[in-house]
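# The sequence and its predicted three-dimensional model are supplied below.
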Amino acid sequence: METRLEHIKAFILTAALVAAQAIAQPAVQNGGTPPAPPVEDLVAAALEASPSLAAARFRLAAAREAITAAGALPNPMVEVMLQDVSFPKYTVGTMEMSMIGPEVRQEIPYPGKRRAASDVARADAEIRAQELDLLRRQLAAEVRSLYGRVYALDQEREALSAARELLDLLATTAATRYSVGQTEQEAVIKAQLEATRLEERSDDLEAERAALVAALNGALDRSGAASLGPVTALPTVTVPADPWEDAVLGSSAAVAERRAEVAAAERRLDLSRTALKPDFTTGAAVGLRGGFDPVVTLRFGIELPLWRNKKERPLIRAAEHELETARAELRTAEAAARSDAARLRADWERTGKQIVRYREAVLPQSSSAIDAARSSYLAGRGDFSTVVEDFRTWLEARSELARREADRFATWAELSALVETALPDHNTGSAQPIGSDVSIEEAASGSRGGR
């Protein structure tokens, strides 16, 4: 009997040592599956392959082609003129006043109208350019945000793998102690229940990850079933110096698009005002009279804007209203940009503080708590319910840190869509790193070792 108890104690001691290693050591990543490519590689691939971006580029190209056409002269009109004195009898060549010949007419807009039309087309092309830029930034932010969410799930999967090993050891310990009457059957059942809960969460993670990868594949314009290796780390990123509001207002693609719309509305108003100026018509005709000398006719006409109060002036007032609408929408976009800057700044500071808190306090404290609870239980002084509770806290802390890091990366991704200077590994000086290059296990073990 004593020999059997000694074997059990030796087994429990070995299990405790292995469990301690499971806490401090990271799990093996998915059986050696190659990791996911860097996020900026995926962003570049999405920008290259996106059909929506391709459509926006074609719209921009079409708008630029229209600039030249907008300022061109109207096409001339060629007519055939017949003047017959004794119509329907054909008398050309026999009657001096009868003639036949071609006539060319050309409409000439009032000076400045063609330039104004070109300015409107150029302003419309600038709107298309800003739309393309906005779409490009939004697509890049979407890819980066999805990548960060996949990272959080992959880190949680890794934590579940380590937790499963630890839980197996705890379940074996509980079963061993129950077999010799040192604990109740409740401990064995609770260990089995926790194992079931881990399997449940693992299945949920797989489904969530599959949905995220499918969305990422959609942004990359590739098969929804295409696989993505584990995301092992997020890149170190930087943000612009304070105040963010100035940076956002100066770089926001949405604000730039609204400014382009204001400029276009101003050009349309200028063009509508030129409609009050009369256009001209010129023409030349040659009348052939058979045996008589040909007759040359030159024409010059001027438009009479007699109905300007019912036609041109209402259109001018409509253009003025459109301009005020564009200016109001610009103010709305600027207000939204200022709001976004404040919100993102608060999110950046909040997630930064929470990441530090988890790395320096929650992770090491939860590891110490489960160490203490497990030691007390092995020594026969503690309750298995306490071990299970501390186990859940330890597992949630590891998963929550990854989610906080993903939230911080998503904040940066949204900011990068507003401020083009917020790029990975390019800014220096007063820019702030996200600090996601430190793994969960390094943070936990480093903090634990310094206490």
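Arrived safely, thanks for sending.
# Every contact and neighbour count from this point should use C-alpha atoms.
Noted.
# In this protein, where is pLDDT below threshold?
1-32, 177-178, 180-184, 380, 382, 421-451 (pLDDT under 70).
# biggest helix in it by residues?
Of all the elements of type helix in the chain, the one with the most residues (DSSP state H) is helix 113-179.
# other SSEs contacting that one?
helix 2-24, helix 39-49, helix 51-70, helix 185-219, helix 253-274, helix 384-418 (3 or more CA pairs under 8 Å, 6 or more residues apart in numbering; DSSP states H and E).
# Given the helix or strand following the fifth one, what are its sheet partners and their directions?
Later in the chain than helix 253-274, the nearest helix or strand by DSSP states H and E is strand 280-289. Taking DSSP bridges as the criterion, strand 280-289 sits next to strand 99-108 (antiparallel), strand 292-302 (antiparallel) in its sheet.
# Same question for stretch 342-349: list its buried residues.
Within stretch 342-349, the residues that count as buried by 16 or more other CA atoms under 10 Å are L344, R345, D347, W348.
# Now do it: everything it contacts.
Contact with stretch 342-349 is made by W244, E245, R408, T411, W412, L415, as judged by CA atoms under 8 Å, 6 or more residues apart in numbering.
# Make TSV out of those residues and add distance to V150 and neighbour count.
As requested, these are arranged in TSV below (distance: CA to CA, whole Å; neighbours: other CA atoms under 10 Å):
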residue	distance to V150	neighbour count
W244	28	20
E245	30	17
R408	14	26
T411	15	20
W412	16	27
L415	19	26
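# still on that earlier bit, closest to R258 out of the buried residues of stretch 342-349?
Distance to R258 across the buried residues of stretch 342-349 (CA to CA) is lowest for L344, with 21.5 Å.
# Pull up the gap between the closest one and L288, please.
For L344, the distance to L288 (CA to CA, to the nearest Å) stands at 80 Å.
# repeat for A152
The gap separating A152 from L288 is 88 Å, by CA to CA.
# okay, these two: which has more neighbours?
A152 (26 against 21; other CA atoms under 10 Å).
# Does that one touch A406 like I think?
Yes - at 5.9 Å, A152 counts as touching A406 under the criterion of CA atoms under 8 Å.
# now the helices and strands packed on helix 113-179 in CSV, with distance to A318?
Conversion of the helices and strands packed on helix 113-179 to CSV gives the following (distance: least, CA to CA, whole Å):
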stretch, distance to A318
helix 2-24, 70
helix 39-49, 39
helix 51-70, 21
helix 185-219, 40
helix 253-274, 9
helix 384-418, 32
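# closest to Q83 out of those?
Closest to Q83 of the helices and strands packed on helix 113-179 is helix 51-70 (CA to CA; 36.6 Å).
# which of the residues in the closest one are buried?
S52, L53, A56, R57, R59, L60, A63, R64, A66, I67, A70.
# Could you identify the most distant pair in the contacts of stretch 342-349?
Farthest pair in the contacts of stretch 342-349, by CA to CA: E245 and R408, 18.5 Å.
# Could you pull up phi and psi at the spatially most distant residue from the centre of the chain?
Largest separation from the mean C-alpha position in the chain: T94, at 80.1 Å (CA atoms, centre = their mean). Backbone geometry at T94, expressed as degrees, to the nearest 10, gives phi -110, psi -30.
# for it, what are its contacts?
G290, G291.
# Return the set of buried residues in stretch 162-177.
162-177.
# Going by distance to T232, which of those residues wins?
The nearest member of the buried residues of stretch 162-177 to T232, counting by CA to CA, is A162 at 15.3 Å.
# picking that back up, format the buried residues of helix 51-70 as a markdown table; extra columns: distance to A275.
Listed next are the buried residues of helix 51-70 as a markdown table, based on distance: CA to CA, whole Å:
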| residue | distance to A275 |
| --- | --- |
| S52 | 37 |
| L53 | 37 |
| A56 | 32 |
| R57 | 32 |
| R59 | 28 |
| L60 | 27 |
| A63 | 23 |
| R64 | 24 |
| A66 | 20 |
| I67 | 19 |
| A70 | 15 |
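# what's the closest of those to V237?
Of all the buried residues of helix 51-70, V237 sits closest to L53, with 25.1 Å by CA to CA.
# Just the buried residues of stretch 279-297, please?
D279, G283, A285, V286, G287, L288, R289, G290.
# Run through who's touching that stretch.
With CA under 8 Å, 6+ apart, stretch 279-297 has contacts from 81, 92-110, 298-303.
# Narrow those to those that are buried.
Looks like the contacts of stretch 279-297 have 92-93, 95, 97-101, 103-110 buried, using 16+ other CA under 10 Å.
# of those residues, closest to A129?
P109 (29.2 Å).
# What about that closest one? Give its phi and psi, please.
Torsion angles, degrees, to the nearest 10, at P109: phi -60, psi 160.
# Show the contacting residues for it.
L73, P278, D279, F280.
# Count the residues that sit near R374.
Residues lying near R374 (other CA under 10 Å) number 25.
# which SSE is it in?
With DSSP H and E as the criterion, R374 is inside helix 363-378.
# Could you do Y90 as well?
With DSSP H and E as the criterion, the answer for Y90 is that it lies in no helix or strand.
# residues in contact with it?
Here Y90 is in contact with D84 (CA under 8 Å, 6+ apart).
# quick one, phi/psi of it?
Note on Y90: backbone dihedrals following degrees, to the nearest 10 are phi -80, psi 120.
# any idea how far it lies from R289?
11 Å.
# wait, doesn't A66 sit right on V120?
No - at 10.1 Å, A66 and V120 do not qualify as touching, with contact defined as CA under 8 Å.
# these two touch, right, V213 and G229?
No - under the criterion of CA under 8 Å, V213 is not in contact with G229, lying 9.9 Å apart.
# Of the two, give the one with the bigger neighbour count.
Between V213 and G229, V213 has the larger neighbour count (other CA under 10 Å), namely 22 against 16.
# Please give me every residue in contact with that one.
L146, V150, G224, S227, L228.
# so which of the contacts of stretch 342-349 comes closest to L135?
L415 (14.5 Å).
# Okay, the closest one and D246: tell me how far apart.
For L415, the distance to D246 - CA to CA - is 13 Å.
# Check E414 too.
Distance of E414 to D246, computed by CA to CA: 16 Å.
# higher neighbour count, those two?
Higher neighbour count among E414 and D246: E414, with 21 against 15, using other CA under 10 Å.
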